[in-house]
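Asker: let me see the structure of the following:
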Amino acid sequence: MKSKKQLGIWMDHSMANLIELTNENIVANTIVAQVGEQDEPLNTHDESMIQNKEHNELSAYYKRLGEVIKDYDDVLLFGPTSAKSELLNILKDDHHFDNVKIEVRPSDKMTENQQHAFVKDYFLM
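Answerer: Coordinates of the predicted model:
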């Protein structure tokens with residue numbers, strides 16, 4: 001019997017902590033969003049241009065997370081902001097994720113140890 005690949009992701013709009021559960025062991029990694037970071041200063045007061053740039057950067061962040069998620073069977077998205085629900089809505093529209101069980105749970109800001117315990121508790125219930 002093939003064991004299920006399980007991943008917990010604590011996320012907000014600036015970063016995602018990826019917590020893989022393998023044989024009750026934790027393997028952790030982080031993806032940092034490039035949202036709002038500027039290679040060069042914007043010499044404009046065009047608010048729509050700035051918002052468009054941030055939207056594109058956020059889309060790239062979600063795409064990077066999707067590339068990771070597609071290799072798992074069960075995924076738990078949790079965190080203090082709406083980023084987890086935004087990502088879920090994007091993934092629902094993509095048929096590459098039809099066979100991935102994705103669940104969203106609310107949570108507050110957590111330490112790394114609290115995040116690991118949250119993922120263990122969720123998958124080992």
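Asker: where does residue 54 land on pLDDT?
Answerer: Per-residue pLDDT puts residue 54 at 79.
Asker: for residue 7, give the beta-bridge partners.
Answerer: According to DSSP bridges, the partner residues bridging residue 7 are residue 20, residue 75.
Asker: relative to residue 50, how far out is it?
Answerer: Computed as CB to CB, to the nearest Å, the residue 7 to residue 50 distance reads 33 Å. Using the backbone N, CA and C atoms, a C-beta is placed for each residue, glycine as well.
Asker: run through this structure and note the low-pLDDT ranges.
Answerer: 1-2, 35-45 (pLDDT under 70).
Asker: let me see the ranges of the strands in it.
Answerer: Secondary structure of the chain (DSSP state E): strands located at 6-11, 15-22, 25-32, 74-79, 101-106.
Asker: more neighbours, residue 7 and residue 50?
Answerer: residue 7 (24 against 14; other CB atoms under 10 Å).
Asker: residues contacting that one?
Answerer: Shown in contact with residue 7 (CB atoms under 8 Å, 6 or more residues apart in numbering): 18, 19, 20, 21, 68, 69, 72, 74, 75, 76.
Asker: pull the number of nearby residues for the first one.
Answerer: To tie it back to what came earlier, the one meant is residue 18. 20.
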